[in-house]
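Q: Build me a model:
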Amino acid sequence: MRMMITIQFDPQHFEAMSALIPKEQEHIKALMSKGIVEAIYISSDRTTVWLPMKGESREQLEQELSTFPLYPYMKPQFIHLQG
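A: Residues are numbered from 1 along each chain as shown. Next comes the predicted model:
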């Protein structure tokens, strides 16, 4: 199953989030090497991130997302993709 996860971040939390960004980047690299995260796209204002992800189920992808260092600041939306 493939899903596009659209994640919104509140700019008010950017200062608190900045310390976690290096850990977030390493986590995403690890998931990309496993084939779970296919790519990452970030809006120019850094308030929106798009993650195409692959997994067995939506629940598994929700569980994977909950392991991200920035998860407490995320407002995710899951969209099922064809193919």
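Q: Quick one: residues contacting the residue minimising distance to the centre of the chain.
A: Of all residues in the chain, the one closest to the mean position by C-alpha atoms, centre = their mean is Leu51, 5.3 Å from it. Counting by C-beta atoms under 8 Å, 6 or more residues apart in numbering, Leu51 makes contact with 4-5, 7, 37-41. Where C-beta positions appear, they are placed from N, C-alpha and C, glycine not excepted.
Q: State which helix of the protein is the longest.
A: Of all segments of type helix in the chain, defined using DSSP state H, the longest is helix 21-33.
Q: and the helix or strand that it is followed by, what does it pack onto?
A: The helix or strand immediately downstream of helix 21-33 is strand 41-42, counting by DSSP states H and E. Counting contacts by 3 or more C-beta pairs under 8 Å, 6 or more residues apart in numbering; DSSP states H and E, strand 41-42 packs against strand 48-54.
Q: between the strand it packs on and helix 21-33, how many degrees?
A: Counting by axes from the mean of the first three to the mean of the last three C-alpha atoms, to 10 degrees, strand 48-54 points 30 degrees away from the direction of helix 21-33.
Q: In whichever helix or strand comes after strand 48-54, which residues are buried?
A: Following strand 48-54 in sequence order, the next helix or strand is helix 58-65 (DSSP H and E). For helix 58-65, burial by neighbour count (16 or more other C-beta atoms under 10 Å) applies to 61, 64-65.
Q: same question, stretch 5-21
A: Result for stretch 5-21 [16+ other C-beta under 10 Å]: buried residues 5, 7, 9, 17, 20.
Q: In a markdown table, list those along with secondary structure, pLDDT and distance to Met74.
A: A markdown table is the format used below for the buried residues of stretch 5-21 (DSSP: H, G, I helix; E, B strand; the rest coil; pLDDT from 0 to 100; distance: C-beta to C-beta, whole Å):
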| residue | secondary structure | pLDDT | distance to Met74 |
| --- | --- | --- | --- |
| Ile5 | strand | 98 | 9 |
| Ile7 | strand | 98 | 5 |
| Phe9 | coil | 97 | 7 |
| Met17 | helix | 96 | 10 |
| Leu20 | coil | 97 | 11 |
